[in-house]
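Enquirer: missing the sequence, but the structure's below:
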């Protein structure tokens, strides 16, 4: 018997880049509609992650002093329960630090 429940899955990423890649993979590989995928800060402040990456890293290996490194970036997605293993794999492959579900 198929499981038709809808689950909300949340994953924390330490960079905005990893969160954006997770969204891309969910939409392109699994065909999840973009309106079912949400990206937000794990904290109350706006953030580009908790780790400097890409444009947030200064030349020479340091961290820019104006980078918004106020905490993790959370990706949440509403999925059919049967998609859970595939979503967990995508989040794991992209370095999710914490994955939870409602």
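Expert: Structure's in. What do you need? This is a predicted model, so every value here is computed, not measured.
Enquirer: give me the low-pLDDT residue ranges for the protein?
Expert: Counting by pLDDT under 70, the chain shows low-confidence ranges at 1-3, 44-71.
Enquirer: So which bits of the lengthiest helix in it are buried?
Expert: If you go by DSSP state H, the chain has its longest helix at helix 16-30. Under the neighbour-count criterion of 16 or more other Cβ atoms under 10 Å, helix 16-30 has 16-19, 21-23, 25-26 buried. Every residue, glycine included, has its C-beta placed from N, CA and C.
Enquirer: Over to stretch 83-101?
Expert: In stretch 83-101, counting by 16+ other Cβ under 10 Å, buried: 83, 87, 90-91, 94, 96.
Enquirer: Can you list the residue ranges for strands in this protein?
Expert: 6-13, 37-41, 73-80, 98-101 (DSSP state E).
Enquirer: what packs against the first one?
Expert: The one in question is strand 6-13. Contacts defined by 3 or more Cβ pairs under 8 Å, 6 or more residues apart in numbering; DSSP states H and E place strand 6-13 against helix 16-30, strand 73-80, helix 84-93, strand 98-101.
Enquirer: So for residue 20, what's the nearest residue that isn't a sequence neighbour?
Expert: residue 39 (7.7 Å; Cβ to Cβ, 6 or more residues apart in numbering).
Enquirer: no no, residue 84
Expert: Closest to residue 84 by Cβ to Cβ, 6+ apart is residue 7, at 6.5 Å.
Enquirer: how far away is residue 89 from residue 82?
Expert: Plainly put, residue 89 is 14 Å away from residue 82 if you go by Cβ to Cβ, to the nearest Å.
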